[in-house]
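Colleague: okay, here's the prediction I keep looking at, along with the sequence it came from:
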Amino acid sequence: MDSNSTQDGLIQIANVTRAYTVGARKLFALRGVSLAIAAGEFVALVGPSGSGKSTLLNLISGIDKPDAGDVCVDGARLNTMSENALAKWRGTQIGIVFQFFQLLPTLTALENVMLPMELRNTFGAQRRARALAALERVGLAEHATQLPSELSGGEQQRVAIARALVNDPPILLADEPTGNLDSETGARVVTLLNELRAAGKTIVLVTHEEALARVASRRVRVRDGQIVD
Ligand SMILES: Nc1ncnc2c1ncn2[C@@H]1O[C@H](COP(=O)(O)OP(=O)(O)OP(=O)(O)O)[C@@H](O)[C@H]1O
Ligand SMILES: [Mg+2]
């Protein structure tokens, strides 16, 4: 029973609850979730719409905080850290691909990818080169100077992936990273994920796609704010 809250997890989530107040109702997005993910694991979070997958991912990145319970990542207890400390920590430890990309609309693809380096002491010329290399990795080097509004949905998604990888973080969190991609580009992202896993990254991704879930080393099923297996 407690195999999900062992000491050796890189990511340790213990008895986490997260509820939203909507009008007079209290809506439980997560109800007592415990989960441990070891370094180097590739976990796929699967489950129906509204089951709590994105909420869980946002707790692991410290973007959101639980109402109760603990979230520890590599020894850092996120739920007790300040926003400042969290932002700094996140910048080096975690790459995030959001469900709805969250690119800044007034910045070019290249500038969006350069953003995570703002928090690090990377030199200007190096920033450009690294951001370009990340865009190249997702096949978008020739689109570097376009704004998000001038890119297709799939291209925006790939810019978001490049941004998540540019600081070479040990942990990658991705919410439906192939949701807007054609099968060829989706396959390319799967290849990229496999490379990252081979390089020792810890990956947690949310997906509705069985083919993508099968690539993971473990599938965790979420339903009604709980982990069901
Ligand atoms: N900011 C919010 N305010 C109120 N309720 C919210 C908020 N964010 C999420 N919820 C609710 O919490 C529940 C879990 O949402 P969550 O986004 O984690 O689901 P999900 O599993 O990611 O779904 P999907 O597959 O559709 O993305 C849903 O019922 C949702 O309506
Ligand atoms: Mg979601």
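Modeller: Sure, I can see it. Ligands and ions are numbered 1, 2, ... in the order given.

Colleague: now the most centrally placed residue in the chain. Its backbone dihedrals?
Modeller: Against the mean C-alpha coordinate of the chain, by Cα atoms, centre = their mean, the closest residue is L173 at 2.0 Å. Torsion angles at L173 (phi, psi; degrees, to the nearest 10) stand at phi -110, psi 130.

Colleague: going forward, begin numbering at 608 instead of 1
Modeller: Understood, numbering begins at 608; the last thing we discussed is L780.

Colleague: beta partners of it?
Modeller: I703, V811 (DSSP bridges).

Colleague: contacts only, for it.
Modeller: Shown in contact with L780 (Cβ atoms under 8 Å, 6 or more residues apart in numbering): L664, I667, S668, I701, G702, I703, V704, A771, I810, V811, L812. For glycine as for every other residue, the C-beta is placed from the backbone atoms N, C-alpha and C.

Colleague: which residue is the nearest non-sequential neighbour of the fifth one?
Modeller: If I follow you right, that is G702. Distances taken as Cβ to Cβ, 6 or more residues apart in numbering place A771 nearest to G702, at 3.4 Å, with adjacent residues excluded.

Colleague: look at that neighbour and give its secondary structure.
Modeller: Secondary structure, DSSP: H, G, I helix; E, B strand; the rest coil: A771 is helix.

Colleague: for the record, mean pLDDT for the longest helix belonging to the chain?
Modeller: Longest helix of the chain, by residue count under DSSP state H: helix 790-805. Regarding helix 790-805, the rounded mean pLDDT is 89.
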